[in-house]
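Chemist: Provided below for reference: sequence and predicted model.
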Amino acid sequence: DRGYLPTGRLAPRSRSGALVTSVESVFDRTVGALTHGTVGTLDGGDIGVDFRTICVHSDTPGAAALLRAVRDAVVRGGASGGPV
């Protein structure tokens, strides 16, 4: 639920686009990370990600819906294992 800078760092919350609150965007970002190992950056590029977890902050507006989008993306991507 956070935007990334081209450097791979999280965008400061003060910057436009730092919080990702669109269910569709979170779904697409999760699918991209799972299938291509990339995530989009605020400048429209992509960066490679090596991740073991996906974090959705509970104070992000619509966090429950965002978590469902992550779960749907993981299930659709064929991932299995423990809880999401």
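Modeler: The structure has been received and is ready for your questions.

Chemist: Sketch out the low-pLDDT regions of the protein for me.
Modeler: For the chain, applying pLDDT under 70 flags the ranges 78-84.

Chemist: Show me the strands in it, by range?
Modeler: Secondary structure of the chain (DSSP state E): strands at 38-40, 46-48.

Chemist: Parallel or antiparallel, list what pairs with the first one.
Modeler: The one in question is strand 38-40. Using DSSP bridges, the strands paired with strand 38-40 are strand 46-48 (antiparallel).

Chemist: Pull the distance from the strand it pairs with to the chain's centre.
Modeler: Mean-position distance between strand 46-48 and its chain equals 12 Å (Cα atoms, centre = their mean, to the nearest Å).

Chemist: before we move on, what about stretch 40-51?
Modeler: 10 Å.

Chemist: Ok, stretch 56-73 next?
Modeler: With Cα atoms, centre = their mean, you get 9 Å for stretch 56-73.

Chemist: contacts for it?
Modeler: 1-2, 19-21, 23-24, 26-28, 30-31, 34, 54, 84 (Cβ atoms under 8 Å, 6 or more residues apart in numbering). To be clear about C-beta, it is placed using only N, CA and C from the backbone, and glycine gets the same treatment.
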